[in-house]
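A.B. asks: sequence and predicted model, in that order:
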Amino acid sequence: MDHRELTDQSFTAMVNAPIQAIDIPNWCFSLPEDEYRACSPDHIAAGFTTALDGRRMSIHVAAAGKTLLVHHYVETVHRSDRLILKSVSEMFTPSGRTTIDTEWDLSVTVVDNRRCEFTNRLRSRATDDFLAYLAREGISFDQIRSQQQLWCTAHNTARTPSLAASIERAALINGILNK
């Protein structure tokens, strides 16, 4: 395990749509905020912009207990069946502000001609800023890693089926519109 790794977890759910109708980047960068919020009670807001280099950016705000997370996800891989987003995510805690590196990897694989398996993978790593924050607060890395694992598991177990259902709705609309 990477000595800075906080979490690396994958969760799956079924999407009842053919692979040809699925376009994860299009879904992600056109997801209405209300639908994003409906995917998890931890989700607060979502929006879209571009990074300085012109790549698309999806901004997500979520709560993790008493911590507010602001993700500035920039697309690094964008295929219809896979989207990898990377962010230097801001964490607003009761005792201060810090950052973590976050990677969100969304993909689908064919199960049969009508279904795909959606994988929602989340990876996070400590930044130098985060390690300094832990030292100032007297929090051990193992303690925060354990807390991060628990929160990530709870959050993503609950939201993965909702994200898959949202991708399915978008795919079915795409399939109808392209007939």
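C.D. replies: Arrived safely.

A.B. asks: and for Leu52, the neighbour number?
C.D. replies: Neighbour count of Leu52, defined by other Cβ atoms under 10 Å: 7. Placement of C-beta: from N, CA and C, glycine included.

A.B. asks: low-confidence ranges, this protein, go.
C.D. replies: For the chain, the stretches with pLDDT under 70 are 1, 175-179.

A.B. asks: mind doing that once more with 80?
C.D. replies: For the chain, the stretches with pLDDT under 80 are 1-2, 174-179.

A.B. asks: top strand in it by residue count?
C.D. replies: If you go by DSSP state E, the chain has its longest strand at strand 96-112.

A.B. asks: quickly run through the sheet partners of that strand, with directions.
C.D. replies: Strand 96-112 sits in its sheet next to strand 82-93 (antiparallel), strand 115-126 (antiparallel), going by DSSP bridges.

A.B. asks: can you name the residues in contact with the following helix or strand past the last one?
C.D. replies: Right, strand 115-126. Note on strand 115-126: by DSSP states H and E, the next helix or strand toward the C-terminus is helix 128-137. Residues outside helix 128-137 that contact it (Cβ atoms under 8 Å, 6 or more residues apart in numbering): Arg4, Met91, Thr93, Ser95, Gly96, Thr98, Thr99, Ile100, Ala126, Ser140, Phe141, Ile144.

A.B. asks: pull the contacting residues for the first one.
C.D. replies: It stands for Arg4. Arg125, Ala126, Leu131.

A.B. asks: please name the bridge partners of the first one.
C.D. replies: Right, the one you point to is Arg125. Once the bridges are assigned, which here means DSSP bridges, Arg125 pairs with Glu5, Asp101.

A.B. asks: burial count for it?
C.D. replies: 16.

A.B. asks: before we move on, what about the second one?
C.D. replies: The burial metric for Ala126, expressed as a neighbour count using other Cβ under 10 Å, is 23.

A.B. asks: what about it, distance to Gly96?
C.D. replies: From Ala126 over to Gly96 the distance is 15 Å, taken as Cβ to Cβ, to the nearest Å.

A.B. asks: picking up where we left off before, would you turn the contacts of Arg4 into CSV with distance to Met14?
C.D. replies: As requested, these are exported to CSV (distance: Cβ to Cβ, whole Å):
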residue, distance to Met14
Arg125, 30
Ala126, 34
Leu131, 39
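
A.B. asks: now the longest strand of the chain: buried residues?
C.D. replies: Neighbour-count burial for strand 96-112, with 16 or more other Cβ atoms under 10 Å as criterion, is recorded at Thr98, Thr99, Ile100, Asp101, Thr102, Glu103, Trp104, Asp105, Leu106, Ser107, Val108.

A.B. asks: OK, contacts around the last one?
C.D. replies: Neighbouring residues of Val108 by Cβ under 8 Å, 6+ apart: Val15, Ile19, Ile22, Ile24, Asp81, Arg82, Cys116, Glu117, Phe118, Thr119, Ile167.
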